[in-house]
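Novice: attaching a predicted model along with its sequence, questions to come.
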Amino acid sequence: MYLRLVFLFACALTVEAAAQSTFDPVQPPKRVVATRIDTSVVIDGALDEPAWQYAPVVRDFGEIDPLQGGIPGQRTAVKLLYNKEYLYIAAICGDSVGKGGLRVPNFQRDFNPPDHDHIAILIDGFHDARNAMAFLVNPYGVQRDVLCFDNRLFDVDWDGLWKVRTSRSDSGWIAEIAIPWKTLRYPGNGGNLQTWGINFVRKRRTGNAYYSWSPFPREYTLTSMAYEGLLDSLQLPRPGTNIRVQPYALVNARQDHRGSATTVSFKPGGDVKWALKTNQVLDLTVNTDFAQADVDQQVNNLQRFSVSFPEKRPFFLENASLLQSGLDLNPDGNKQTQMTIQPFFSRKIGLDGAGNPVDIRYGGRYVYRGDNQAAAVMAIRQAPSSDSTGATDFFAGRWTQRLGRKRAIQIGGLVTSKVDEIAGVKGSGGHSWTAALDGFYRITQKWQASGMVSGTNGTGVDQRGMAGYGQLFYKDNFFTGWLNESFVSQHYSPGMGFVNRNNVMCTSPGFYFTSRSKWLPSFLRSFSPGMSTDFLHTLHTGKLEEARVNVWPVWLELQNGGYVGLVCAYSYQRLSAAFQPLNASIQPGRYRYARPSIEVSSDASRRWSVYYNLSLGGYYDGRLAYNKVSLRYSPLPMAAFSGSVESYAVKDLGAGRLSATYYLYNVQARLAWNPRLQLVAFYQHNSSNASEALNVKFSWEYRPLCYVYLVWNSRGMMDRGVADRMNAAISKVSFLKQF
């Protein structure tokens with residue numbers, strides 16, 4: 001019945017497709033010329049320097065959402081200046097509601113843009129209309145910066161060196177920004193004037209509206225640089241020495257088990273970033289430390305697929321996309337297939353199988369980004385993880401080349417190597433390598449295709465295997481569709497990569513519509529029915545092993561940014577071996593079941609916000625009722641409290657006909673004096689395995705990218721039926737010097 005409903009909706013909605021079509025970039029592109037000055041600007045959010053009075057002003061913003069091509073309801077203006085050291089940008093964001101109506105739920109760096117008022121500056125220093133450096137700031141000066149590659153790969157956790165201060169009043173807010181030329185990436189200029197791509201995009205959260213200087217279709221992202229404007233006639237300084245040194249010192253007091261003695265250790269180390277040229281960067285690291293990185297949050301895995309935890313360590317996050325060639329997310333950011341194929345996965349470095357840190361002695365990374373080529377090379381030496389193991393050497397290198405008149409085709413190659421030493425015997429141990437060849441073709445702004453083939457080999461256990469995927473993707477204002485085909489052979493084993501299943505072939509078509517018809521009630525912004533599927537066959541037999549069909553006949557986006565969705569998931573499972581989820585043992589056999597669910601989210605920019613997900617129905621040979629409730633309260637932007645409860649109620653599940661209820665609790669508090677001085681506490685408890693974790697982190701950014709950290713970590717677990725606990729107190733000071 002659900003499939004029929006989706007088909008009927010598709011037929012009815014196709015009628016309005018022409019009215020919601022996308023459009024080509026504005027021709028000729030919008031242009032702005034920044035004013036060169038010989039003085040400096042004090043970054044304080046006041047704009048009281050005389051130079052700002054003579055700066056060119058960008059005013060002609062248009063509305064992107066909710067009314068594409070509409071006239072913005074609020075005034076926005078941007079001014080630009082530059083001198084030999086900085087590009088200065090001032091954003092004046094008028095708001096009739098005043099400072100009391102500004103929406104800033106928290107002070108977390110790299111905030112979630114849809115939930116905050118903010119202004120975004122998109123800079124394409126190579127003027128290739130494909131890549132960008134994005135600088136975002138909210139009304140309280142909280143920063144977010146992202147490296148964007150071809151509008152499909154994003155280094156969200158890159159932290160660039162730039163400064164911003166803001167001010168708020170009854171007429172709106174102002175952001176004053178200084179970006180050093182040494183932070184930006186652009187071709188060597190040879191003294192000639194340069195033209196860059198640029199765009200300015202504002203999110204006004206009270207009306208849940210997007211405004212943009214250079215317009216782009218609303219279903220595209222703000223990093224769609226094919227729609228960029230131009231920053232013209234830049235007289236850039238000749239590149240000089242550009243070296244950033246960031247040493248640190250750390251003291252760690254650690255108790256490995258309950259009642260054991262506390263050991264205290266001192267660890268110095270640091271990083272060096274050397275911009276050899278404006279498009280070449282060399283990163284070096286010694287005694288790399290990630291004490292400030294967020295801890296992994298536990299999950300209860302209900303799928304037969306292995307869980308991939310995200311990378312959170314700064315050194316591996318920067319420029320990570322240049323080493324990525326596998327299948328993980330669809331281009332619109334939705335993981336509409338369960339398959340993950342990553343020939344390179346940085347969490348294999350510096351972490352053991354349980355996610356515990358292993359010391360990194362030293363390493364380096366070289367990145368080159370040219371007009372038509374890009375390359376990234378990384379080499380890391382990891383210390384022994386125990387007395388019985390030796391050091392491990394990691395190497396990864398990837399090269400990409402653009403082809404075609406419009407450089408719409410990109411091909412790339414990846415090679416990784418992992419060499420393990422036996423303790424005390426240099427040059428011994430196992431060796432594994434991985435190679436991959438990938439391609440991407442942007443057929444039009446709406447159509448794109450990508451694919452990859454990869455092979456592995458190594459010593460010891462048979463690691464000779466192949467994996468690959470092909471993907472066709474379409475997106476416009478009305479319709480989004482995709483088709484993924486992927487396979488992983490039985491012995492494909494990337495020593496520095498990750499796959500969540502072997503010996504499988506997967507077909508994953510899917511689509512959804514986005515309707516904004518006038519028949520929708522005024523409180524609704526869009527109606528988006530659709531479906532996603534996975535059909536998995538055993539590779540060497542061709543037998544259907546698993547099928548998943550998710551149908552959402554109702555998915556409603558509210559005008560305030562909340563949403564309501566109804567989903568029905570149909571599953572077929574053919575188990576050839578026992579499967580143990582939630583302390584149950586499910587025996588080999590064939591299983592069919594359906595699980596309807598509802599998902600609801602309120603306006604996440606409000607002081608109070610709530611998320612709820614309820615899923616009921618069959619689960620293999622039993623029943624499972626899943627509930628998740630998340631609540632956040634932000635009485636002030638500098639104080640945010642959140643928590644969630646997940647419950648898993650199983651009935652008559654598995655060989656023992658298990659009936660039980662398990663809970664997973666999360667609580668977090670974030671207190672900030674300003675964006676640079678914060679205290680964050682996180683607690684988690686999982687009743688399914690009697691584990692808990694507490695992480696408390698104080699951070700002070702006393703100068704740009706110079707930090708003081710005080711961290712407390714505590715983990716409780718069951719060890720052979722006996723409660724155990726690990727505790728650690730860490731203090732870390734880092735300093736940054738730019739030469």
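Specialist: Structure received. Numbers count the residues shown, from 1 in each chain.
Novice: now Asp294. Nearest residue, chain neighbours left out?
Specialist: Excluding its sequence neighbours, the residue lying closest to Asp294 (C-beta to C-beta, 6 or more residues apart in numbering) is Lys312, at 5.0 Å. Any C-beta I mention is one placed from the backbone N, CA and C, and that applies to glycine too.
Novice: counting neighbours, what do you get for that neighbour?
Specialist: Neighbouring residues of Lys312 were enumerated by other C-beta atoms under 10 Å; the total is 15.
Novice: residues in contact with it?
Specialist: 157, 290, 293-294, 296 (C-beta atoms under 8 Å, 6 or more residues apart in numbering).
Novice: can I get the CA coordinates of stretch 497-515 in PDB?
Specialist: What follows is stretch 497-515 as a C-alpha-only set of coordinates in PDB (Å, rounded to 0.1, in the frame of the first residue of the first chain):
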ATOM      1  CA  GLY A 497      40.400   1.400   5.500                       C
ATOM      2  CA  PHE A 498      37.000   0.300   6.600                       C
ATOM      3  CA  VAL A 499      34.200  -1.800   5.100                       C
ATOM      4  CA  ASN A 500      31.100  -2.800   7.000                       C
ATOM      5  CA  ARG A 501      30.500  -6.100   5.200                       C
ATOM      6  CA  ASN A 502      32.400  -8.500   3.000                       C
ATOM      7  CA  ASN A 503      31.300 -11.000   0.300                       C
ATOM      8  CA  VAL A 504      28.300  -8.900  -0.700                       C
ATOM      9  CA  MET A 505      26.900  -7.100  -3.800                       C
ATOM     10  CA  CYS A 506      24.400  -4.300  -3.100                       C
ATOM     11  CA  THR A 507      21.900  -2.400  -5.300                       C
ATOM     12  CA  SER A 508      20.500   0.800  -3.800                       C
ATOM     13  CA  PRO A 509      18.000   2.900  -5.800                       C
ATOM     14  CA  GLY A 510      16.000   5.600  -4.100                       C
ATOM     15  CA  PHE A 511      14.400   9.000  -4.600                       C
ATOM     16  CA  TYR A 512      12.300  11.700  -2.900                       C
ATOM     17  CA  PHE A 513      10.200  14.700  -4.100                       C
ATOM     18  CA  THR A 514      10.100  18.200  -2.700                       C
ATOM     19  CA  SER A 515       6.800  19.900  -3.200                       C
END
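Novice: so for that stretch, mean pLDDT?
Specialist: Averaging pLDDT along stretch 497-515 gives 92.
Novice: one step back: export the contacts of Lys312 as JSON lines, with columns for secondary structure and distance to Tyr54.
Specialist: Compiled in JSON lines, those are given as follows (DSSP: H, G, I helix; E, B strand; the rest coil; distance: C-beta to C-beta, whole Å):
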{"residue": "Asp157", "secondary structure": "coil", "distance to Tyr54": "38"}
{"residue": "Phe290", "secondary structure": "coil", "distance to Tyr54": "46"}
{"residue": "Ala293", "secondary structure": "coil", "distance to Tyr54": "45"}
{"residue": "Asp294", "secondary structure": "coil", "distance to Tyr54": "44"}
{"residue": "Asp296", "secondary structure": "coil", "distance to Tyr54": "51"}
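Novice: quick check, Gly69 in contact with Gly62.
Specialist: Yes: in this structure Gly69 lies within contact range of Gly62 using C-beta atoms under 8 Å: 6.4 Å.
Novice: who has more neighbours, those two?
Specialist: Higher neighbour count among Gly69 and Gly62: Gly62, with 18 against 10, using other C-beta under 10 Å.
Novice: neighbours of Cys148, how many?
Specialist: Cys148 has 23 nearby residues by other C-beta under 10 Å.
Novice: next, the buried residues of the strand or helix carrying it.
Specialist: Element membership for Cys148, per DSSP states H and E: strand 143-149. Neighbour-count burial for strand 143-149, with 16 or more other C-beta atoms under 10 Å as criterion, is recorded at 143-149.
Novice: how about the residues you listed, which pair is most distant?
Specialist: In terms of C-beta to C-beta, these reach their longest pairwise distance at Gln143 and Phe149, which sit 20.4 Å apart.
Novice: for the buried residues of strand 143-149, which one is nearest Thr206?
Specialist: Checking these against Thr206 by C-beta to C-beta gives Arg144 as the nearest, at 19.7 Å.
Novice: pop the domain breakdown of the protein in here.
Specialist: Listed by automatic domain parsing, the domain ranges of the chain are 34-234, 305-498.
Novice: now the end-to-end length of the shortest one.
Specialist: Using C-alpha to C-alpha, to the nearest Å, the gap from the first to the last residue of domain 305-498 comes to 12 Å.
Novice: go on, the longest one?
Specialist: When the termini of domain 34-234 are compared using C-alpha to C-alpha, they are 7 Å apart.
Novice: try stretch 63-70
Specialist: With C-alpha to C-alpha as the measure, the ends of stretch 63-70 fall 5 Å from one another.
Novice: so which bits of that stretch are buried?
Specialist: By neighbour count with 16+ other C-beta under 10 Å, stretch 63-70 contains the buried residues 63-66, 68.
Novice: what's the answer for stretch 575-590, then?
Specialist: If you call a residue buried by 16+ other C-beta under 10 Å, then stretch 575-590 has these buried ones: 575, 579, 581-582, 584, 586.
Novice: out of the residues you listed, give me the two with the largest separation.
Specialist: Within those, two members stand farthest from each other by C-beta to C-beta: Leu575 and Leu582, at 15.5 Å.
Novice: pLDDT below threshold where in the protein?
Specialist: Across the chain, the ranges flagged by pLDDT under 70 are 1-21, 189-191, 239, 295, 327-336, 354, 387-388, 423-429.
Novice: pull up the overlap in contacts between Gly69 and Gly62.
Specialist: Taking C-beta under 8 Å, 6+ apart as the contact rule, the neighbours common to Gly69 and Gly62 are Pro215.
Novice: can you pull up the bridge partners for Gly412?
Specialist: Residues in a beta bridge with Gly412, per DSSP bridges, are Thr400, Asp438.
Novice: show me what contacts it?
Specialist: Applying C-beta under 8 Å, 6+ apart, the residues near Gly412 are 325, 398-401, 437-440.
Novice: which of the residues in the helix or strand containing Val600 are buried?
Specialist: When elements are assigned from DSSP H and E, Val600 belongs to strand 589-601. The neighbour-count check on strand 589-601 (16+ other C-beta under 10 Å) flags 591, 593, 595, 597, 599, 601 as buried.
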